[in-house]
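Undergrad: Output the structure for:
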Amino acid sequence: MKILLEEYTGHKCNNCPEGHEIVAKMQKVMQDTLVVLAIHATKQAEPDNNTIFSNDYRTETGNNYSQVFGITSLPKVTINRKQFNADIFKNDEVEKIVMDSLRIKKEKPSHTLVTEVFL
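TA: Below you'll find the model as predicted:
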């Protein structure tokens, strides 16, 4: 059983390195159960050609996801493509949501079909 954690980040985000550390600790504990995907989005991910931030790591899909979820500040995470109101810096809140997601997945029948795709 896998959990998808999408971490919204940007190379100009001051708080994102600490957010990365928290996610890395969660991934170390959960190992292969937690799949982490970094999505570069918002103004904090925009390139600035006159600085060291000249690379553009954004994608059209990532920008669309950030708009769908209303992400305007970083860092933020979604779990299994669901937004929640926990603070990533409060690890116990994020961990509770991840564990709740695991319990929900265990209760679903194995023949569940995915009927929604966010593009």
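Undergrad: switch to C-alpha atoms for all contacts and neighbour counts from now on
TA: Noted.
Undergrad: residue ranges of the helices in the chain, please?
TA: 16-30, 60-68, 91-107 (DSSP state H).
Undergrad: where among those is the average confidence lowest?
TA: Comparing mean pLDDT across the helices of the chain, the weakest is helix 91-107, with a mean of 61.
Undergrad: Let me know the distance separating Lys76 from Thr42.
TA: Distance, Lys76 to Thr42, by C-alpha to C-alpha, to the nearest Å: 11 Å.
Undergrad: ah, wrong one, I meant Asn15
TA: Using C-alpha to C-alpha, Asn15 is found at 14 Å from Thr42.
Undergrad: Which residues outside stretch 30-47 are in contact with it?
TA: 1-13, 26-27, 53-59, 62-63, 66, 71-74 (C-alpha atoms under 8 Å, 6 or more residues apart in numbering).
Undergrad: again, only this time at 7 Å
TA: By C-alpha atoms under 7 Å, 6 or more residues apart in numbering, the list of residues contacting stretch 30-47 from outside reads 1-13, 27, 53-58, 62-63, 66, 72.
Undergrad: Buried among the residues you listed? Need that as a selection in ChimeraX.
TA: Here is the ChimeraX command that selects the buried residues among these (16 or more other C-alpha atoms under 10 Å):
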select :3,4,5,6,7,8,9,10,11,12,27,58,62,63,66
